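> this one's structure only:
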DNA sequence: GACCTTCTTGACCGGCCGGTCAAGCGCTTT
DNA sequence: AAAGCGCTTGACCGGCCGGTCAAGAAGGTC
């Protein structure tokens, strides 16, 4: 599909089904081993349908990644809206990130794959950048209020992201079936906050 | 190549060149986009050579990953051999891991790809398991001597691995050219040790 | 029911991919 | 010099892959 196309309600639904099914299969079998035919067969439509809704297989993955990053950011924004205190907002953001990772294990596998090919890594780098800047800004605000130790906010944001990502990877990669261990989540949150509080 | 084959000196060299060149290309372009023809052309040999030394393209990557994990473990073992004190051994191991990650950025990209397809993830899961057990044992020894706070050693080992991995990914993925920032390395090491010392 | 737009079909295409193999090269051994 | 083995070549193969497209069907609007 070239640029934005006018989709009917039915069209939008079809598009989302393709997106969702492709995400599942990519996460399960890998991006390259999943062919466009696999996807359309799975959804039960002809091949042309795929190319009606998406420009190419690559663009489909890029779209999945972009949407996931946007969704993560939206979720975080909603989570921190309640708290007014910067440090509390930081904690809420961290918890939201962790929850999101747990709910979106599929995506984590896709993200890891994405880093291995430049056209996807580019997208991921931008998404990562945004999250880091968001977090760094929160840290800066907290620092201005004297709530945390001083230090390079960006570096602190990187460290926090590191810990969160890794927790997500732990669940997504070693065994998709294990449930998130609340104790481990608490430890992670504490570790992040302790890291910035000094 | 079926099981172990008797290789001459020249044969071993050829094999290593193929291994090294393939690692580079896989890291740069990705596993699937790099064809066997790309590899043999790059090394300047006929295609049959590849299949004389390797069973398949998949087996080649598995071998690259296995060797990398083995190499990491060997490096760590050598690094901690000097120190007799468990806590010092732990620190030496952490530093060795970080150094290794910096020296082997290529491999980190391959590892991230590997998690996205089951036949490779299987290998990685085993490698990870070994490193975790090694680290947990060190932590246990330190705990027995009262050098660190008590807690689940495996969980602590996981946390340490998380931080190290993520530092490596930071360098390997965002910009292959940036040099490791010594301050960040120190921060990472301190964070790991502070995490277990309580 | 005529007409238009959105959507769907599936046969088809060129090209590449992983992998094979018959043939032969060149170094050692006898 | 003959035989044997490790190694190399590159044309070739079947199959699949991403992507195209001419031909409609389905649904909305007047």
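Arrived safely, thanks for sending. As the structure is a prediction and not an experimental result, all values here were calculated from the model.

> every contact and neighbour count from this point should use C-alpha atoms.
Fine.

> which residues of chain A score low on pLDDT?
In the predicted model, chain A carries pLDDT under 70 at residues A:1-4, A:176-177, A:198.

> most remote residue from the middle of it, which is it?
residue A:146 (30.8 Å; CA atoms, centre = their mean).

> that one: what secondary structure?
Here residue A:146 is recorded as coil under DSSP: H, G, I helix; E, B strand; the rest coil.

> phi, psi of it?
For residue A:146, the backbone dihedrals (degrees, to the nearest 10) come out as phi 70, psi 20.

> repeat that for the one 3 residues further on.
Geometry field for residue A:149 lists phi and psi as phi -70, psi 160, criterion degrees, to the nearest 10.

> what about the one helix or strand residue A:28 maps to and DNA strand D, any contact?
Secondary-structure element containing residue A:28, defined by DSSP states H and E: helix A:9-29. No: where contact is defined by CA under 7 Å from any atom of the strand, no part of helix A:9-29 touches DNA strand D; the two come within 8.4 Å at best.

> beyond that helix, next helix or strand please.
Counting by DSSP H and E, the element that comes right after helix A:9-29 along the chain is helix A:36-43.

> which residues in chain A form strands?
Listed in chain order, the strands of chain A (DSSP state E) amount to none at all.

> what residues does it put near DNA strand C?
Taking CA under 7 Å from any atom of the strand as the test, the list of chain A residues beside DNA strand C reads A:5-12, A:14, A:44-49, A:52.

> which of the residues you listed lies closest to DNA strand D?
Compare each of the residues of chain A next to DNA strand C with DNA strand D using CA to the nearest atom of the strand and the shortest gap goes to residue A:48, at 3.7 Å.

> if we can go back for a sec, ok, and does the helix holding residue A:28 reach over to chain B?
Yes: in terms of CA under 8 Å from any CA of the partner chain, part of helix A:9-29 sits within range of chain B, namely A:27-29.

> hmm, residue A:141 is touching residue A:84, no?
No: Residue A:141 is not in contact with residue A:84 according to CA atoms under 8 Å; the separation is 11.3 Å.

> these two: which is more packed in?
The neighbour count for residue A:141 versus residue A:84, taken as other CA atoms under 10 Å in any protein chain shown, is higher for residue A:141 (18 against 9).

> for residue A:89, see how far away that one is.
With the distance defined as CA to CA, to the nearest Å, residue A:141 ends up 10 Å from residue A:89.

> now residue A:131
In this structure, residue A:131 and residue A:89 are 14 Å apart, going by CA to CA.

> these two: which has the busier surroundings?
Neighbours of residue A:131 and residue A:89, each counted by other CA under 10 Å, are more numerous for residue A:89; the result is 22 against 18.

> ok, now which ones touch the residue nearest to that one when sequence neighbours are not counted?
Once its chain neighbours are removed from consideration, residue A:89 has its nearest residue in residue A:80; the separation is 4.8 Å (CA to CA, 6 or more residues apart in numbering or on different chains). The contact partners of residue A:80, by CA atoms under 8 Å, 6 or more residues apart in numbering or on different chains, come to A:88-90, A:92-93.

> sort out which of those residues are in helices and list them.
Secondary structure of these is defined by DSSP state H; positions in helices are A:88-90, A:92-93.

> residues touching the residue nearest to residue A:166 when sequence neighbours are not counted, list them.
Using CA to CA, 6+ apart and skipping residues adjacent in sequence, the residue nearest residue A:166 is residue B:162, 5.3 Å away. For residue B:162, the contacting residues are A:162-163, A:166-167, by CA under 8 Å, 6+ apart.

> got the residues of chain A near chain B?
Near chain B, the residues belonging to chain A are A:27-30, A:32, A:109-110, A:112-118, A:121, A:125, A:162-163, A:165-167, A:173-174, A:191, A:195 when assessed by CA under 8 Å from any CA.

> can I have the buried ones of the residues you listed as a ChimeraX selection?
A single ChimeraX command selects the buried members of the residues of chain A next to chain B (16 or more other CA atoms under 10 Å in any protein chain shown):
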select /A:27,28,30,109,110,112,113,114,115,116,117,121,162,163,165,166,167,173,174,191,195
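
> what residues does chain A put near DNA strand D?
Counting by CA under 7 Å from any atom of the strand, the residues of chain A that sit close to DNA strand D are A:32-37, A:47-48, A:51, A:55-58.

> with distance to residue A:75 as new columns, can those be given to me in a markdown table?
Written out in a markdown table, the entries for the residues of chain A next to DNA strand D read as follows (distance: CA to CA, whole Å):
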| residue | distance to residue A:75 |
| --- | --- |
| A:32 | 30 |
| A:33 | 31 |
| A:34 | 29 |
| A:35 | 31 |
| A:36 | 30 |
| A:37 | 33 |
| A:47 | 34 |
| A:48 | 34 |
| A:51 | 30 |
| A:55 | 28 |
| A:56 | 28 |
| A:57 | 27 |
| A:58 | 26 |
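
> tell me which residue of chain A lies closest to chain B.
Closest residue of chain A to chain B, CA to the nearest CA: residue A:113 (4.8 Å).

> quick one: residues contacting the closest residue to that residue other than its chain neighbours.
Closest residue to residue A:113 in three dimensions, ignoring its sequence neighbours and counting by CA to CA, 6+ apart: residue B:113, at 4.8 Å. Applying CA under 8 Å, 6+ apart, we find residue B:113 in contact with A:112-116, B:30-31.

> just the helices from chain A, written as ranges.
Listed in chain order (using DSSP H), the helices of chain A are A:9-29, A:36-43, A:47-53, A:57-81, A:86-103, A:105-114, A:118-144, A:153-174, A:182-197.

> thanks a lot, catch you later.
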